[in-house]
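Enquirer: pasting the sequence and the predicted model now:
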Amino acid sequence: MPEHKITEFFNIYIESFLKRKTIIKNPLYLSDIWIPEQIKHRDRELSLIFQYIAPIIKRFKAPNLLLYGPTGTGKTLSVKYLGKQLDNLSTIKKLLIKHVYVNCRIYGNKSSSLYYILRDILSQLTKKVIKDGIKTTDLINELFSYIQEKDISVLIIFDEIDSLIKNTKEDDFLYLITRDDHVLDRNRLSFIGISNTLDYLKDLDARTLSSLNAIKIGFKPYNALQLYDILKERACLAFEEGVVSDDILRYIAAWVARESGDARKAISILRLAGNLADAESSDRVTMKHVERAIEGYDLDSFISEVETLSTHHKLIVLSILEEQIKLDDHSFVSFTEIYERYTQLCSEYGLRPLSKDSIGKKIKQLETFLGDYMEVYIKSFGKYGRKKVVRINLDKEKAYKVIKFLRDNI
């Protein structure tokens, strides 16, 4: 087709699309950034969090909290809701309290992660751009100086805190903020850490673990009735009336409850199903749309995770998948097989391979990054000893699609 014809066709399609009535009236309510006025089915957890954080309202030291539980159980939503309530209260009552939210995972696994996290914290507090070139220790001192100068109490929320601890071993900062009375004239810093498990605690050194002395609050997966309730609220706000039936919502809720109890996954499937229906100019979401959304969810989710990885992390994932699909039983592959394939890929892409120790560490990091998609364990081979084996939980059809994506994006 000639170029001018393609442009004409594209313009006609866009005009048609813009004029077409959509069944989604407000996509915000199907996104992760929306914070409801009330958090459903987390009364116990929210009550505990508020109870423990309350002392900072009177400028006293609040205990440090560690929230843990599977993905999509409301941990991040709960602390963002808490932050919103604290901001409102500080404005109304003119309280000298500030909260800072940091997702540790977005800073990766580099040794400089702590530096950029500190810059983020300072930027949020001061509302200023922090210049490059400042030493990490100077950033910490600047943080404490700002807190003391402004006479404020600060609550820092570290989402996916295990990424910071497991991958960079940077627990000096945690030690400092749990012992801030040694630096400041009184305790002014409290923090909430969020993670899927508490396994990372074993990576803290003894002094940090002792100083931390955090209260742990667990979050359980949602059941089908709770997921239905959450989806019902979202559907009523996001879609035109009558577009999504209760049967559709109950089906999604029941399916996700069996799989994981992950509310984020349930909302994503509802959003994908709505987008599919909208793209077809359908006046309602059907079971066919839901089934297609469920089928595509895992692949889209995995690719979104992989897309943010470093080049060598991507090469490791590619190595695992290419070795894995050779096996009829979709079994685990050994570290040796992964490393051999990885070095071949490095040669193919003109890169210098990292050492075996470095790849071993990066595989450990991938356990955190990819979560349930990746399984790693030590297998006994009798007289041949014990070896690390790895598997990525995707069927062969999806594995081929991820392999193509990776080969196109390395």
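Expert: Looks like it arrived, so ask away.
Enquirer: CA only for contacts and neighbour counts going forward, please
Expert: Fine.
Enquirer: now Phe332: how far from Lys398?
Expert: 17 Å (CA to CA, to the nearest Å).
Enquirer: next one: Ala277
Expert: 23 Å.
Enquirer: which of these two has more neighbours?
Expert: Ala277 (22 against 17; other CA atoms under 10 Å).
Enquirer: helix or strand: which one has that one?
Expert: helix 263-279 (DSSP states H and E).
Enquirer: now the next helix or strand after that helix: buried residues?
Expert: Downstream of helix 263-279, the next assigned helix or strand under DSSP H and E is helix 287-307. Across helix 287-307, burial judged by 16 or more other CA atoms under 10 Å covers His289, Val290, Ala293, Ile294, Tyr297, Asp298, Leu299, Phe302, Val306.
Enquirer: about what we covered before: which other helices and strands contact the helix holding Ala277?
Expert: helix 224-238, helix 246-259, helix 287-307 (3 or more CA pairs under 8 Å, 6 or more residues apart in numbering; DSSP states H and E).
Enquirer: tabulate the ones you listed in JSON lines, adding columns for mean pLDDT and distance to Thr336.
Expert: As requested, these are arranged in JSON lines below (pLDDT from 0 to 100; distance: least, CA to CA, whole Å):
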{"stretch": "helix 224-238", "mean pLDDT": "97", "distance to Thr336": "43"}
{"stretch": "helix 246-259", "mean pLDDT": "96", "distance to Thr336": "32"}
{"stretch": "helix 287-307", "mean pLDDT": "87", "distance to Thr336": "22"}
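Enquirer: okay, those helices in a markdown table with distance to Lys61 next?
Expert: Output for the helices and strands packed on helix 263-279, formatted as a markdown table (distance: least, CA to CA, whole Å):
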| stretch | distance to Lys61 |
| --- | --- |
| helix 224-238 | 34 |
| helix 246-259 | 39 |
| helix 287-307 | 37 |
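Enquirer: nearest to Leu122, out of the ones you listed?
Expert: Evaluated over the helices and strands packed on helix 263-279, closeness to Leu122 peaks at helix 287-307, with 27.5 Å, by CA to CA.
Enquirer: ok, Ile230 touching Gln38?
Expert: No. Using CA atoms under 8 Å, Ile230 makes no contact with Gln38, being 10.8 Å away.
Enquirer: okay, the two: which has more neighbours?
Expert: Taking neighbours as other CA under 10 Å, Ile230 and Gln38 compare with Ile230 leading, 20 against 10.
Enquirer: tell me the secondary structure at the residue lying closest to that one once chain neighbours are set aside.
Expert: Nearest non-adjacent residue to Ile230, counting by CA to CA, 6 or more residues apart in numbering: Lys40, 6.8 Å away. Secondary structure, DSSP: H, G, I helix; E, B strand; the rest coil: Lys40 is coil.
Enquirer: related to what we said a few turns ago, the helix holding Ala277 to helix 246-259, inter-axis angle?
Expert: Angular relation of helix 263-279 and helix 246-259 on a 0 to 180 degree scale: 140 degrees, by axes from the mean of the first three to the mean of the last three CA atoms, to 10 degrees.
Enquirer: tell me the mean pLDDT over helix 263-279?
Expert: Mean per-residue pLDDT for helix 263-279: 93.
Enquirer: what comes up buried for that helix?
Expert: 263-278.
Enquirer: one more: stretch 243-251?
Expert: So for stretch 243-251, counting by 16+ other CA under 10 Å, buried means Val243, Val244, Ile248, Leu249, Arg250, Tyr251.
Enquirer: which strand or helix spans the first one?
Expert: When secondary structure is defined using DSSP H and E, no element contains Val243, which sits outside every helix and strand.
Enquirer: the residue lying closest to it once chain neighbours are set aside: how many residues sit nearby?
Expert: Distance criterion CA to CA, 6+ apart; nearest residue to Val243, sequence neighbours excluded, is Arg284 at 4.3 Å. When neighbours are defined as other CA under 10 Å, Arg284 has 20 of them.
Enquirer: likewise Ile130?
Expert: Considering only other CA under 10 Å, Ile130 is surrounded by 16 other residues.
Enquirer: now swap in the one 10 residues further on and tell me
Expert: Neighbourhood size, Ile140 [other CA under 10 Å]: 18.
Enquirer: ok, Thr136 next?
Expert: 16.
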